[in-house]
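**Student:** This is a predicted model, with the sequence first.
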Amino acid sequence: MSDNDSDAPEELTYEQGAQQDEEIRKVQKENKTRVVREEKERRRKWAQNLTPRPSQKGQSAKDAKEAETQESMGNDGMLPNDIVNVLAAREKKVFLSDSEDEKAEVKPTKRKKKSKTSGIETVILKDIGPPQCLQSSLEFLKQRKMQVSRSSSVLNNSNQALRLLSTSGVISKK
């Protein structure tokens, strides 16, 4: 085997690491600005597609009349006021939607604060007493025990009966 360090991590000095980190941050910042710019451009194109455009027949007749009036007034190189107003309104719509989106991005969503409730007061179990289900289950077990045929001495003194049976050899301890 040869001493090939291709699998080893790259070793850098502090300056090289700082320079690489700076380059990475610069690229990330450029990518973020590009994404924002592309989103704005996409929204602007979408807004242009949504705005209604006047029909071509009516527009060409109006343009011819307006061109004659503009030439007579001597405003060469200037657009008619109607067209300027329409373009200004379009730009306002686009800029308003962009600014609203930016404001929405700046505001983080507020989390609802959980109301601090003290909850149920501390309960001391000794004060409560046993629940009803415990009492009923003990009664059930006592009834089952009584249904098995045994002598009353075994039922009343179960520990002593167990000792007697084990010493007599009936129940062998292993």
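**Tutor:** Okay, I see it.

**Student:** mind checking pLDDT for Lys93?
**Tutor:** At Lys93, the model reports a pLDDT of 80.

**Student:** same question, Asn157
**Tutor:** We have a pLDDT of 73 for Asn157.

**Student:** where does it fall, phi/psi-wise?
**Tutor:** Note on Asn157: its backbone torsions stand at phi -120, psi 70 [degrees, to the nearest 10].

**Student:** Contacts only, for Arg144.
**Tutor:** Arg144 makes contact with no residue under the criterion CB atoms under 8 Å, 6 or more residues apart in numbering. To be clear about C-beta, it is placed using only N, CA and C from the backbone, and glycine gets the same treatment.

**Student:** and it, what element?
**Tutor:** helix 132-147 (DSSP states H and E).

**Student:** ok, now Gln48?
**Tutor:** Counting by DSSP H and E, Gln48 is part of helix 14-50.

**Student:** residue ranges with poor pLDDT in this protein?
**Tutor:** Filtered on pLDDT under 70, the chain yields the residue ranges 1-6, 53-77, 96-109, 112-119, 150-155, 169-174.

**Student:** Got the domain ranges for it?
**Tutor:** Taking automatic domain parsing as the criterion, the chain consists of the domains 14-106, 129-168.

**Student:** List the buried residues of the helix holding Gln48.
**Tutor:** Residues of helix 14-50 classed as buried: Lys40, Arg44, Ala47 (neighbour count, 16 or more other CB atoms under 10 Å).

**Student:** what's the neighbour count on Ser136?
**Tutor:** Ser136 is flanked by 10 other residues according to other CB atoms under 10 Å.

**Student:** Could you tell me which residues make contact with it?
**Tutor:** Listed by CB under 8 Å, 6+ apart, the contact set of Ser136 is empty.

**Student:** Could you check how far it is from Gln143?
**Tutor:** Going from Ser136 to Gln143 by CB to CB, to the nearest Å gives 11 Å.

**Student:** what do you get for Cys133?
**Tutor:** From Cys133 to Gln143 the distance is 16 Å (CB to CB).

**Student:** Repeat that for Ala8.
**Tutor:** 77 Å.

**Student:** Kindly report the same for Gly17.
**Tutor:** Distance of Gly17 to Gln143, computed by CB to CB: 80 Å.
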